[in-house]
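1. Take this sequence and fold it.
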Amino acid sequence: MNSLINILEKYDKFNSYIKDVKQGVNPIMLSGLTDSGKIHLSYATKMYTDRPICIVTYNELQARKLIKDLKYYTEDVYYFPKREIVTYDYLAESKDALNERIECLNNIQNKKAKVIVTTIEACMQKMISKESLYKHVLKLKVGAEYKLDQIKEELIKLGYERFDLVEGKGQFSVRGGIVDIAISEKIRN
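-> Numbering: from 1, shown residues only. All right, here's what the predicted structure looks like:
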């Protein structure tokens, strides 16, 4: 795979483009690329500049296709979906998109996200500030003691819902002195 990327070094136009990206020249317009050429150039940009990149596309279907193609080069590709807005039935709203958005933001915050793909609609939606988002982070350490009421209160502030039995992300349950918390595998540190 790297041989596909390394061949680009031979081209003056590519080297000029990478120089402009490193110097922060913008906007840079590229045209005439095939879909596979766009993927190739996107990953080459990330590799040669050693900077995270964000690809904004016109719809979710195209974003998912780009992610699938980019995973040929790297697994460090994250999707930032639009927020689902369901006005008629709050209970019908899926938590998957919300969890995916938070997971992507966490990976950006922790500098793990190398390539982010999103849509114009997701970019245009208002978001909570970084300070507000990370204001209520619950960090638990093995062997430390915590007050049960305080943990329950913090989980509620973080948007978790209490259930008798945990069945999915964003849920927690309390049985005696045991607290079960469902979190994404990808955000555990």
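2. what about the strands in this protein?
-> In the chain, the strands defined using DSSP state E lie at 53-57, 77-80, 115-119, 161-162, 171-175, 178-181.
3. buried stuff in the fifth one?
-> Using 16 or more other Cβ atoms under 10 Å as the burial criterion, the residues of strand 171-175 that qualify are 171-174. (Glycine included, C-beta is placed from N, CA and C.)
4. which outside residues touch that strand?
-> Identification of contacts with strand 171-175 by Cβ atoms under 8 Å, 6 or more residues apart in numbering yields 148, 152, 155, 160-166, 179-182.
5. Quick check: closest non-adjacent residue to Leu140.
-> Leaving aside its chain neighbours, Leu140 sits nearest to Tyr146 (6.8 Å; criterion: Cβ to Cβ, 6 or more residues apart in numbering).
6. Ile151 and Cys104, how far apart?
-> 26 Å (Cβ to Cβ, to the nearest Å).
7. Show me which of the two is the more surrounded one.
-> Cys104 (20 against 16; other Cβ atoms under 10 Å).
8. any low-confidence regions in the protein?
-> Applying pLDDT under 70 to the chain picks out residues 1, 85-95, 184-189.
9. one more time with 80, if that's ok
-> 1-2, 4, 84-98, 133, 136, 159, 183-189 (pLDDT under 80).
10. got the domain boundaries for it?
-> Per automatic domain parsing, the structural domains of the chain span 2-131, 136-187.
11. what's the span of the first one, first residue to last?
-> Across domain 2-131, the terminal residues are separated by 38 Å (Cα to Cα, to the nearest Å).
12. Could you give the separation of that domain from the chain centroid?
-> On the basis of Cα atoms, centre = their mean, to the nearest Å, domain 2-131 sits 9 Å off its chain's mean C-alpha point.
13. how about the strands of the chain, which one is nearest Leu66?
-> strand 115-119 (5.1 Å; Cβ to Cβ).
14. Which neighbouring elements make contact with that closest one?
-> helix 35-49, strand 53-57, helix 60-70, strand 77-80 (3 or more Cβ pairs under 8 Å, 6 or more residues apart in numbering; DSSP states H and E).
15. Put the alpha carbons of the shortest one into CSV.
-> Taking only C-alpha atoms (Å, rounded to 0.1, in the frame of the first residue of the first chain), the coordinates of strand 77-80 have been written out as CSV:
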residue,chain,number,x,y,z
VAL,A,77,-10.8,6.6,9.9
TYR,A,78,-13.7,8.0,11.9
TYR,A,79,-17.1,9.1,10.8
PHE,A,80,-18.7,12.2,12.3
